[in-house]
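Asker: Sequence plus predicted model, see below.
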Amino acid sequence: MSEAQHAIDALIALMARLRDPQRGCPWDLEQTFASIAPYTIEEAYEVADAIERGDREQLRDELGDLLFQVVFHARMAEERGWFDFAAVAASIREKLVRRHPHVFAGAATDREHLGREWEAHKAREREQAAAGTDEGERGTLAGIPLALPALVRAAKLGRRAARVGFDWPDAAGSRAKVSEELAELDAALAVHGGKADAHAADELGDLLFAIVNLSRHLSIDAEAALRAASGKFERRFRRMERLAAERSLTLERLSLEEWEALWQEAKLNAG
């Protein structure tokens with residue numbers, strides 16, 4: 001038995017022990033798919049954070065935490081007689097073999113052809129999965145998880161629609177749509193003297209969706225771009241706090257002009 005197989009078997013056995021009805025952990029025994037799902041999402045984000053920070057040890061630990069989530073879900077499924085961890089591993093292996101005929105079946109290997117084949121395989125799998133389901137669960141947009149981050153889900157929806165021709169021909173059309181949605185938001189706000197209501201919230205959502213589509217046309221990852229902007233804001237704000245502390249300034253008492261001066265100084269020093 002390989003070291004990897006031994007480690008996986010030990011982890012699966014540990015999970016079974018934690019869920020043992022007589023000798024297990026009370027907290028682990030109380031959990032359900034629904035209660036564990038938020039932790040699964042959180043662990044995936046922590047993996048991404050470790051990658052972004054370039055922290056190798058943290059990445060190893062976070063990957064372990066994410067793997068444990070998979071083992072946890074698989075154990076609960078096994079208890080219900082649905083499937084076990086081995087079935088999960090076998091399923092993804094078979095799927096990857098199907099989606100890589102250029103590796104395992106000697107098919108054509110140019111990038112354009114691979115891209116078309118990959119999407120065709122996924123489309124066929126979605127059609128098979130949707131067989132027998134309600135009409136709303138089929139079609140071009142089927143299978144895009146509701147739990148995805150909003151920007152990621154919007155981008156996926158836009159890409160799926162574009163595959164069947166529902167899209168602007170270029171970035172210019174998408175950019176014009178952003179201006180149109182911004183004008184509609186301004187009009188909605190004007191109705192109530194600048195105060196937001198449900199209509200304004202709806203128009204703001206349309207604006208955000210249009211911006212995600214523009215980012216797609218520009219080949220920019222909207223989620224990554226916003227994460228970078230958030231990180232930049234965080235660095236600059238922390239720099240402002242340090243500057244204020246050095247000058248014995250109380251943040252809550254700063255005027256708009258003082259905040260602007262600190263912000264401009266922070267931009268020069270914090271990137």
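Answerer: Nice, thanks for sending it over.

Asker: what about the stretch 101-250 of the chain, any weak spots by pLDDT?
Answerer: Scanning the stretch 101-250 of the chain for pLDDT under 70 picks out 106-119, 121-138.

Asker: so where do the helices sit in it?
Answerer: Taking DSSP state H, counting those that start in this stretch, the helices of the stretch 101-250 of the chain run over residues 101-104, 111-130, 150-163, 171-191, 198-217, 222-246.

Asker: list the buried ones in the shortest one?
Answerer: In terms of neighbour count (16 or more other CB atoms under 10 Å), helix 101-104 has its buried residues at Pro101. (Glycine included, C-beta is placed from N, CA and C.)

Asker: What helices and strands are in contact with it?
Answerer: helix 111-130 (3 or more CB pairs under 8 Å, 6 or more residues apart in numbering; DSSP states H and E).

Asker: again, 10 Å this time
Answerer: For helix 101-104, the elements it packs on are helix 85-99, helix 111-130, judged by 3 or more CB pairs under 10 Å, 6 or more residues apart in numbering; DSSP states H and E.

Asker: quick one on the thing from earlier: mind putting the helices of the stretch 101-250 of the chain in CSV, distance to Arg17 included?
Answerer: Listed next are the helices of the stretch 101-250 of the chain as CSV, based on distance: least, CB to CB, whole Å:
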stretch, distance to Arg17
helix 101-104, 37
helix 111-130, 34
helix 150-163, 36
helix 171-191, 53
helix 198-217, 45
helix 222-246, 38
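
Asker: Tell me which of the ones you listed approaches Glu258 most closely.
Answerer: helix 222-246 (8.8 Å; CB to CB).

Asker: next SSE after the closest one?
Answerer: Using DSSP states H and E, the helix or strand that follows helix 222-246 towards the C-terminus is helix 256-270.

Asker: rewinding a little: among the helices of the stretch 101-250 of the chain, which is nearest Met15?
Answerer: Nearest of the helices of the stretch 101-250 of the chain to Met15, taken as CB to CB: helix 111-130 at 27.0 Å.

Asker: Tell me which of the helices of the stretch 101-250 of the chain approaches Leu268 most closely.
Answerer: helix 222-246 (9.3 Å).

Asker: and the angle from the closest one to helix 256-270?
Answerer: 110 degrees (axes from the mean of the first three to the mean of the last three CA atoms, to 10 degrees).

Asker: which strands and helices sit next to helix 222-246?
Answerer: helix 33-53, helix 150-163, helix 198-217, helix 256-270.

Asker: between those helices, which one is nearest to Lys177?
Answerer: Lys177 lies closest to helix 198-217 among the helices and strands packed on helix 222-246, at 4.7 Å (CB to CB).

Asker: Next, the angle helix 150-163 makes with that closest one.
Answerer: 60 degrees.

Asker: With mean neighbour count and distance to Gly24 as added columns, please give the helices and strands packed on helix 222-246 in a markdown table.
Answerer: Listed next are the helices and strands packed on helix 222-246 as a markdown table, based on neighbours: other CB atoms under 10 Å; distance: least, CB to CB, whole Å:
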| stretch | mean neighbour count | distance to Gly24 |
| --- | --- | --- |
| helix 33-53 | 14 | 15 |
| helix 150-163 | 17 | 35 |
| helix 198-217 | 18 | 44 |
| helix 256-270 | 13 | 49 |
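
Asker: Arrange these in a markdown table, one row each, with distance to His100 as further columns.
Answerer: Converted to a markdown table, these look like this (distance: least, CB to CB, whole Å):
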| stretch | distance to His100 |
| --- | --- |
| helix 33-53 | 23 |
| helix 150-163 | 20 |
| helix 198-217 | 25 |
| helix 256-270 | 44 |
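
Asker: correct me, but Val71 touches Ile12?
Answerer: Yes: applying CB atoms under 10 Å, one finds Val71 in contact with Ile12, separated by 6.0 Å.

Asker: Perfect, that will be all.
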